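# any chance you could fold what I've pasted below:
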Amino acid sequence: MSAVFDTARFGRLWRAHWAERSKSYLWFFGVCIIVYLMMALMAFATVGEDTFRHEGQMICFYMGLFVTGAIFAARHFEALSRQESVLLILMRPASVFEKILLAFVMAVLFYPLMYTVIYTMCNYPMVKIAQAIRLADVQANPSEYNVYEPEDFALFIPFFSLGDAAAKDAFYIRITQGLLALGFISVQAFCVGGSLFFKRLPMLKTVLAAFLLFVGFVLLIAITGASPELLFGLWYERQERQLLDWWQMAAVFMFWIGTPIMLWVTAFFHLKEREVA
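Next up, the predicted model:
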């Protein structure tokens with residue numbers, strides 16, 4: 001039996017975690033569904049059906065994924081902030097690597113999968129309602145609308161839909177999706193690490209730390225006059241997209257790949273320090 005990782009031991013850790021947290025996960029997803037439905041109704045009442053255009057669905061999906069995913073990740077080790085349960089979690093028969101691996105599986109693999117399924121199930125009827133409303137408006141007031149284009153309200157399928165982008169833009173969209181995925185992994189690692197680093201009010205302090213980092217990043221860009229497109233894309237946004245030089249691409253990939261690795265390694269050592277202490 002390896003001291004770092006053992007399949008049977010990790011399986012027992014998984015089953016114990018699921019037995020303890022399955023009900024809280026159901027409540028969490030239930031709250032997410034209620035919040036989505038409330039926001040959807042507010043969108044219909046204020047903005048109208050245009051909210052559920054393909055681009056709007058995509059923005060809503062990724063915003064919800066990052067926000068709720070961060071909360072989900074920050075709650076993984078929430079028991080460590082309670083005096084009555086901290087010893088139970090730290091003394092559980094599993095290695096530090098297995099505990100961090102479980103956090104990675106839950107925050108980076110399990111949650112996006114469940115969120116995608118739930119979002120698609122909730123989004124589908126809303127899109128159908130938006131399509132019906134727009135079609136009725138076009139038929140009732142043809143002079144105020146152009147020809148109805150069903151693809152404008154096409155259902156957004158996460159990680160597969162490319163929208164109305166031309167074939168030449170498919171490469172750029174896939175790269176953007178890849179960078180978003182790496183960014184999501186980094187956010188999850190930051191939240192898990194924050195919940196381990198801060199012993200009191202970990203979620204609040206993690207959110208505050210993230211806000212301060214964001215403000216510092218914005219100020220750095222403003223002071224230096226740097227272009228964010230060099231960090232969030234592999235191309236220059238000019239009249240026509242032009243790829244960066246090879247060394248710039250290498251630097252971007254090193255940033256987006258190195259950051260999540262560094263953050264997860266940091267979370268590992270934070271947990272190891274808690275166990276030693």
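
# Leu220: how many residues sit nearby?
By the measure other C-beta atoms under 10 Å, the count of residues near Leu220 is 10. Every C-beta, even on glycine, is put in place using the N, C-alpha and C of the backbone.

# did I read that right, it in a helix?
Yes: under DSSP: H, G, I helix; E, B strand; the rest coil, Leu220 falls within a helix.

# next one: it from Ser186, what distance?
Separation of Leu220 from Ser186 (C-beta to C-beta, to the nearest Å): 17 Å.

# now Lys272
For Lys272, the distance to Ser186 equals 20 Å [C-beta to C-beta].

# where do the helices sit along the stretch 151-277 of the chain?
Here the stretch 151-277 of the chain has its helices, by DSSP state H, counting those that start in this stretch, at 170-197, 202-224, 229-232, 246-276.

# pick the most buried one from these.
Most buried of these, by mean neighbour count (mean count of other C-beta atoms under 10 Å): helix 170-197, with a mean of 20.

# comparing the helices of the stretch 151-277 of the chain by mean pLDDT, which bottoms out?
Least confidently modelled of the helices of the stretch 151-277 of the chain is helix 229-232, at a mean of 64 by mean pLDDT.

# who touches stretch 120-129?
Stretch 120-129 is contacted by residues 33, 36-37, 40, 44, 49, 52, 57, 60-61, 153-158 when judged by C-beta atoms under 8 Å, 6 or more residues apart in numbering.

# again with stretch 97-108
Contacts for stretch 97-108 (C-beta under 8 Å, 6+ apart): 4-6, 9-10, 13-14, 17, 69, 72-73, 76-77, 92, 94, 184-185, 188, 191-192, 264, 267-268, 271.

# one step back: in CSV, list the helices of the stretch 151-277 of the chain along with distance to Met114.
Formatted as CSV, those follow (distance: least, C-beta to C-beta, whole Å):
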stretch, distance to Met114
helix 170-197, 14
helix 202-224, 20
helix 229-232, 27
helix 246-276, 20
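
# mind listing what's buried in stretch 128-141?
130-131, 133-134 (16 or more other C-beta atoms under 10 Å).

# can I get that stretch in CSV, CA atoms only?
Below are the C-alpha coordinates for stretch 128-141, written out as CSV (Å, rounded to 0.1, in the frame of the first residue of the first chain):
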residue,chain,number,x,y,z
LYS,A,128,-38.2,27.5,-26.3
ILE,A,129,-40.3,30.2,-24.6
ALA,A,130,-38.1,32.9,-26.0
GLN,A,131,-38.4,31.4,-29.5
ALA,A,132,-42.1,31.3,-29.2
ILE,A,133,-42.3,34.9,-28.0
ARG,A,134,-40.1,36.2,-30.8
LEU,A,135,-42.0,34.2,-33.5
ALA,A,136,-45.3,35.6,-32.2
ASP,A,137,-43.9,39.1,-32.2
VAL,A,138,-42.7,38.8,-35.8
GLN,A,139,-46.0,37.4,-37.0
ALA,A,140,-48.0,40.1,-35.1
ASN,A,141,-45.7,43.0,-36.1
